[in-house]
Structures are given as structure tokens and as C-alpha cells.
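Novice: sharing a model that was predicted from the sequence below.
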Amino acid sequence: MRPSGWPERLTAYIESRRAAEFTWGEHDCCWFANGAVIAMTGVDRMPDYSYTTELGAARLIKRAGSLDALVCRALGDSIHPAQAGRGDVVIADLENGSTLGICLGEMCAFAADVGGITFRPRSMIRSAWRIQ
């Protein structure tokens, strides 16, 4: 179970990232989603994942086999996208490709190339992972 108070910590984290500048290895899709998980649970699920460039991120994903496989390494087995609930990690295919984000209910939050965060409907989810 997530520790008590997780919804408030998730909301505070999302708000804190609204003006974040996109930076590989700091505020990109992987680190945005991992930051939300840390905010909710206090556990870093990606301690061994390190990169500072788009190429470094691509190499990490390629070594894992895919973005989905990389997330499975960190979070375990995926769930059906329809089962995703608030605070679960999701992947959607956005304009810039497959992107990790956080389900907020009917909407999901994703790190944005410009503007910190973008919100998209949960109907765009193609993969999801339950966060306990």
C-alpha cells in the first residue's frame, strides 16, 4: 500500500514540476514519472538509470529492449491500461513518441518539451504499471 498522504504529495510534486525546463536526465519523461513515484512512496525505482543526453536515454532504452521493458525492470509487470488509476505510471504515444507519465484519473500528466508538464486524456494510455 502507498503510505498515507500520497495524494497530497503527488499533487504537490505535479505542481512543483509545472514550470520545470525539459532537461535530459533531470526533467524528462522517465525522471518525471520516477519523481512522482518517489513523492508518493519514498522509494526510488530507478537508482541505477543515469544519462544526461537524448542519446544516453536512447541507449538505455535500447539496452532494455524497449521503453516498456525498461519500465518493467523498474516497476514489475504491467497492468491493462484500463486498470490504471491515480498515481500509476503510464505510457502514451504523444507527438514526440512514446512517453512516460502519471495517471491522475481522467487525465494523465507528462513531462513536456516546453512548459513543464502537459496533460492528456487517459484514453491515450497504451501501457500502465500499478504503484503500490
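Specialist: Cool, the structure landed. Numbering: from 1, shown residues only.

Novice: check which helix or strand Leu92 maps to.
Specialist: Careful, residue 92 is Ala and not Leu. Per DSSP states H and E, Ala92 falls inside strand 89-94.

Novice: average model confidence for that strand?
Specialist: In this model, strand 89-94 has a mean pLDDT of 96.

Novice: continuing past it, what's the next helix or strand?
Specialist: strand 97-103.

Novice: re earlier: from the rest of the structure, what touches the strand holding Ala92?
Specialist: 33, 36-37, 67-68, 71, 75, 81, 84, 98-103, 108, 110, 118, 120, 122, 124-129, 131 (C-beta atoms under 8 Å, 6 or more residues apart in numbering). Every C-beta, even on glycine, is put in place using the N, C-alpha and C of the backbone.

Novice: what comes up buried for it?
Specialist: Residues of strand 89-94 classed as buried by neighbour count (16 or more other C-beta atoms under 10 Å): Val89, Val90, Ile91, Ala92, Leu94.

Novice: which one of those residues sits closest to Pro47?
Specialist: Val89 (16.0 Å; C-beta to C-beta).

Novice: centroid residue for this structure?
Specialist: Nearest residue to the geometric centre of the chain (C-alpha atoms, centre = their mean): Ala33, 2.4 Å.

Novice: relative to Ala111, how far out is the residue lying closest to that one once chain neighbours are set aside?
Specialist: Using C-beta to C-beta, 6 or more residues apart in numbering and skipping the chain neighbours, the partner closest in space to Ala33 is Leu100 (4.2 Å). Using C-beta to C-beta, to the nearest Å, Leu100 is found at 8 Å from Ala111.
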